[in-house]
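Chemist: structure for the following, please:
(chains A and B)
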Amino acid sequence: MKSLAEVFAESLMIDAASVVDSLAYQSIKEWDSVAHMVLVTALEDNFDIMLDADDIVAMSSVAKVREILAKYDVTA
Amino acid sequence: MSENMQARDAVLAAPPFALNAAEKNRLLGSALAELTLHHAGHCPQYAGILAAQGRAAPIGIADVPFLPVRLFKELDLKSIPADAVFKTLTSSGTTGQVPSRIYLDQATAQAQSRALAAITTNFIGKDRRPMLIIDHPGVVRDRTSFSARGAGILGMMTYGRAHIYALNDEDMGLNLPAITEFAEKHAGKPIFAFGFTFMVWKYFLSALERAGITLDFPGSVLIHSGGWKKLEDEAVSNEQFKSVALERAGFDHVHNFYGMVEQVGSVFMECDHGRLHAPGFADVIIRDPLDWKPLGIGQEGLIQVVSAIPLSYPGHSLLTEDRGVLTGEDDCPCGRMGRTFRVLGRIPAAEMRGCSDTHAAAA
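Modeler: Coordinates of the predicted model:
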């Protein structure tokens, strides 16, 4: 299983070092709506979970994603 | 935001189809009054228009002053400083026509996403189903400049999983290998399909008919939008569209929705009883084109739309160029509260617009 930072880095095609808690959706050009769906699929595959529509809308930052994963008993 | 937006916050937090007429007039009416004040204080052109109309502060939904939708083509209207613009939406800028420009800040964009999620999940459920996108992959390929159609598809992808595109890039032909694989993988399970009305009819349903192919996705939902104008030219009614969608693809729930880029969050979804529904945070008023008075159930007129969402631009109350008729209020057999209506088409004098249907418009 990859780490949350690795999943982010691969999905958004950014450097793992730039994956910090405060990184927000749409704050960089790499995290746009297309990459968001790539990220959703990668999170689901990597952590073996099924996110619902509300989760996806609420995934507004790295910190928020970690919070949502915790709901599914994923510590990332 | 330092201003008091209590009613707006409350109406946005309410479940989308729960408010009855009295509750809604009070809560949405107050929210729209807050927004009217807010925009008058932040958008000088809007303040100028209000002053010219000499209107008193609105007290109910139907009292809120409205702007003609085409004003957003002529003026750059926003209630935020330029550096707070988070996203600019443009309407279908088909050749020779001026697109509307709608400026969103982060708060407005977020309210819109939440509102769309509340409405969509009310119709298809929270679980994301396998999703068939009735378009070609090229429509979202250029990430730097999406068409309105591409943006619409991306917005809807949130509600599905394991997405595939039903059409080929080259010729809009059916991508039969992809469709077959998808059908086998999800056989007998409800799926979610989305596309623009004209694309779904011309390149999917009609193509399936021509090829003599029948798909079977029992319990599935098809959501489509983009306007009927092109299909009326081919004399296709909503009833015919639905029956072909059921016969050819097994889509038992077909929901058309009415909305426009100029008023984010106003998504009026058609229920299984064929009525378009206004959610709690938005509403529709039908006006007499001669004296602008609100009309009652069954009387045809011009459609005005109001929404509690637009904070960043003064688009909370707009007069459209579409004709419509109210079909009821708080009385739909589907159980959703609020007004229901039908769209009858565009007014004859309006410029030609195909909503997000840029492909068809270019044809």
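Chemist: and the stretch 151-300 of chain B, which residues reach chain A?
Modeler: Contact residues, the stretch 151-300 of chain B versus chain A (CB under 8 Å from any CB of the partner chain): B:151, B:154, B:155, B:157, B:158, B:159, B:161, B:163. Every residue, glycine included, has its C-beta placed from N, CA and C.
Chemist: got the residues you listed as CSV, with neighbour count columns?
Modeler: Listed next are these as CSV, based on neighbours: other CB atoms under 10 Å in any protein chain shown:
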residue, neighbour count
B:151, 18
B:154, 19
B:155, 16
B:157, 22
B:158, 26
B:159, 26
B:161, 20
B:163, 19
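Chemist: so which of the residues you listed sit within helices?
Modeler: Among these, DSSP state H puts B:151, B:154, B:155, B:157 in helices.
Chemist: what does the stretch 1-150 of chain B put close to chain A?
Modeler: Close to chain A, as judged by CB under 8 Å from any CB, the stretch 1-150 of chain B has residues B:86-87, B:106, B:110, B:113-114, B:117, B:120-121, B:126-128, B:140, B:143.
Chemist: how about a cut-off of 7 Å?
Modeler: B:86, B:113, B:114, B:117, B:121, B:126, B:127, B:128, B:140, B:143 (CB under 7 Å from any CB of the partner chain).
Chemist: which pair in those spans the largest distance?
Modeler: B:86 and B:127 (29.7 Å; CB to CB).
Chemist: which parts of chain B are helices?
Modeler: B:6-13, B:21-42, B:44-53, B:71-74, B:106-124, B:148-157, B:176-185, B:197-199, B:206-211, B:229-233, B:238-249, B:358-362.
Chemist: which strands and helices sit next to the shortest one?
Modeler: Think helix B:197-199. When contacts are defined as 3 or more CB pairs under 7 Å, 6 or more residues apart in numbering or on different chains; DSSP states H and E, helix B:197-199 sits against helix B:229-233.
Chemist: do that again at 8 Å, thanks
Modeler: helix B:229-233, helix B:358-362 (3 or more CB pairs under 8 Å, 6 or more residues apart in numbering or on different chains; DSSP states H and E).
Chemist: tell me the mean pLDDT over that helix?
Modeler: When pLDDT is averaged along helix B:197-199, the result is 93.
Chemist: next one: stretch B:21-39
Modeler: Mean predicted confidence for stretch B:21-39 is 95.
Chemist: who touches it?
Modeler: Counting by CB atoms under 8 Å, 6 or more residues apart in numbering or on different chains, stretch B:21-39 makes contact with B:3-8, B:10-12, B:14, B:19, B:46-47, B:50, B:57-61, B:63-65, B:79, B:280-283, B:306, B:308, B:310-311, B:313-314, B:316-317, B:329-330, B:337-338, all of which sit outside it.
Chemist: got the contact list for residue B:134?
Modeler: Contacts for residue B:134 (CB under 8 Å, 6+ apart) come out as B:166, B:167, B:193, B:194, B:195, B:196, B:199, B:200, B:203, B:204, B:224.
Chemist: what's the neighbour count on residue B:39?
Modeler: Burial of residue B:39 is recorded as 26 neighbouring residues (other CB atoms under 10 Å in any protein chain shown).
Chemist: equivalent analysis for residue B:150, please.
Modeler: Neighbour number of residue B:150 under other CB under 10 Å is 21.
Chemist: hang on, isn't it packed against residue B:133?
Modeler: No. With contact defined as CB atoms under 8 Å, residue B:150 does not reach residue B:133; the gap is 10.7 Å.
Chemist: ok, the lowest-mean-pLDDT helix or strand in chain A near chain B or not?
Modeler: Sorting the helices and strands of chain A by mean pLDDT, DSSP states H and E puts helix A:53-58 at the bottom, at a mean of 88. Yes. Using CB under 8 Å from any CB, helix A:53-58 reaches chain B at A:53, A:54, A:56, A:57.
Chemist: rebuild these as JSON lines, extending it with neighbour count and distance to residue B:345.
Modeler: Shown next, in JSON lines, are these (neighbours: other CB atoms under 10 Å in any protein chain shown; distance: CB to CB, whole Å):
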{"residue": "A:53", "neighbour count": "21", "distance to residue B:345": "32"}
{"residue": "A:54", "neighbour count": "15", "distance to residue B:345": "36"}
{"residue": "A:56", "neighbour count": "21", "distance to residue B:345": "35"}
{"residue": "A:57", "neighbour count": "20", "distance to residue B:345": "33"}
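Chemist: quick one on the thing from earlier: the helices of chain B: lowest mean pLDDT?
Modeler: Among the helices of chain B, helix B:358-362 scores lowest, with a mean of 42.
Chemist: what pairs with the longest strand along chain B, parallel or antiparallel?
Modeler: Scanning chain B for the strand with the most residues, using DSSP state E, yields strand B:317-329. Next to strand B:317-329 in the sheet, as set by DSSP bridges, lie strand B:67-68 (parallel), strand B:300-307 (antiparallel), strand B:339-346 (antiparallel).
Chemist: from the contact counts, what lies against the longest helix that chain A contains?
Modeler: Longest helix of chain A, by residue count under DSSP H: helix A:33-47. The elements that helix A:33-47 packs onto, with contact taken as 3+ CB pairs under 8 Å, 6+ apart, are helix A:4-12, helix A:62-71, helix B:148-157, strand B:160-165.
Chemist: for residue 69, what are its contacts?
Modeler: Defaulting to chain A. A:4, A:43, A:47, A:49, A:75, A:76.
Chemist: right idea, wrong chain: chain B
Modeler: Counting by CB under 8 Å, 6+ apart, residue B:69 makes contact with B:100, B:260, B:262, B:318, B:319, B:320, B:321.
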